[in-house]
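Undergrad: Build me a model from this:
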Amino acid sequence: MPEVELSAGTIEYDDTGGGGPVIVFLHGLTIDNTVWRKVVPGLGEYRCVLPNWPLGSHRKPMKPDADLSLRGHVRLLAEFLEALDLRDVTLVLNDWGGAQFLISEGLADRVGRLALVACEAFDNFPPGLSGRMLVRVARIPGGLKAMLHLLKFRFVQRAPGSWGWMSKTPVPAEVMDSWFGPARENPAIMRDILKYGLHTPPKETLLEWSGRLGEFTGPVLVVWAKEDKLMPREHGPRLAALFPDARLVEVPDSYTLVPQDQPELLTNLLREFVPVGSRK
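TA: Numbering: from 1, shown residues only. Predicted coordinates:
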């Protein structure tokens, strides 16, 4: 796996290469880029770049002094795009919504298009009841580590209120094991998660940042899951209304992980959103 050295540490990523339009795929907390494993094969004409973002399933810990707050992650993403010299990028988010704040930080100059796929928005950081419970568990010494050990068991993974609310179709056990293993086995990875999870900006700050999203004038695709348990359904239309050039698509028969539940539909939406031959 290629890697790039940034101010916070080493970021590993996959890159399909080629001269087609660039799509950068991001993922959520304690997930890695394999969440896109069913989507990328259908995008052969595109250059797909998939970082393993340091949200808990990364293999290489960040530096001890790295800023892994939400704002720190946003700035790190801008640094990643610059380091790889990626331009006119289509940025695709799922679950984790922090990358949208490249706009409010004035760092979206390398982003030409934005696809928001069932992700955190407005003040829904961390998302839903299960997200808030995760933060409470993380505040207990050893709590998050204990939870990740419980997630070795399939019945815990699929339990309502746990990862059973992330996708309607089960994620293969070996994939989930690769997601949870790094933080379970490496205290430095656990440290990186806690740096992010325990420092969510206050509601007022999140809403202030969200109020600036309309400054982005490029095309925006909002893909929202009708049955999502974590991302409020009204957030989809509300997000689309913020942007001057946005389209909303509501997806049936899916929870948050649309790339898992509806990969073919999502692939087709992305192909339509970013025509081959278009660099913007």
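Undergrad: For residue 87, give its distance to residue 24.
TA: Between residue 87 and residue 24 the distance is 11 Å, computed by Cβ to Cβ, to the nearest Å. Placement of C-beta: from N, CA and C, glycine included.
Undergrad: Just give me the neighbour total for residue 109.
TA: 11 (other Cβ atoms under 10 Å).
Undergrad: what about it, is that helix, strand or coil?
TA: coil (DSSP: H, G, I helix; E, B strand; the rest coil).
Undergrad: Phi and psi next, for it.
TA: Backbone torsions of residue 109, given as degrees, to the nearest 10, read phi -70, psi -20.
Undergrad: How about residue 73?
TA: phi -60, psi -40.
Undergrad: okay but it is in contact with residue 196, surely?
TA: Yes. When contacts are counted by Cβ atoms under 8 Å, residue 73 is listed as touching residue 196 (6.8 Å).
Undergrad: Now do the shared contacts for these two.
TA: Taking Cβ atoms under 8 Å, 6 or more residues apart in numbering as the criterion, residue 73 and residue 196 both touch residue 55.
Undergrad: Spell out, range by range, the strands that occur in the stretch 151-280 of the chain.
TA: 220-225, 246-251 (DSSP state E, counting those that start in this stretch).
Undergrad: Deepest-packed of those strands, please.
TA: Mean neighbour count (mean count of other Cβ atoms under 10 Å) peaks for strand 220-225 among the strands of the stretch 151-280 of the chain, with a mean of 24.
Undergrad: For that strand, name the packing helices and strands.
TA: On a contact count with 3 or more Cβ pairs under 8 Å, 6 or more residues apart in numbering; DSSP states H and E, strand 220-225 meets strand 111-119, helix 235-242, strand 246-251, helix 258-261, helix 263-273.
Undergrad: could you give the angle of it to helix 235-242?
TA: 170 degrees (axes from the mean of the first three to the mean of the last three Cα atoms, to 10 degrees).
Undergrad: closest one to residue 46 among the helices and strands packed on strand 220-225?
TA: helix 263-273 (8.3 Å; Cβ to Cβ).
Undergrad: All set now, cheers.
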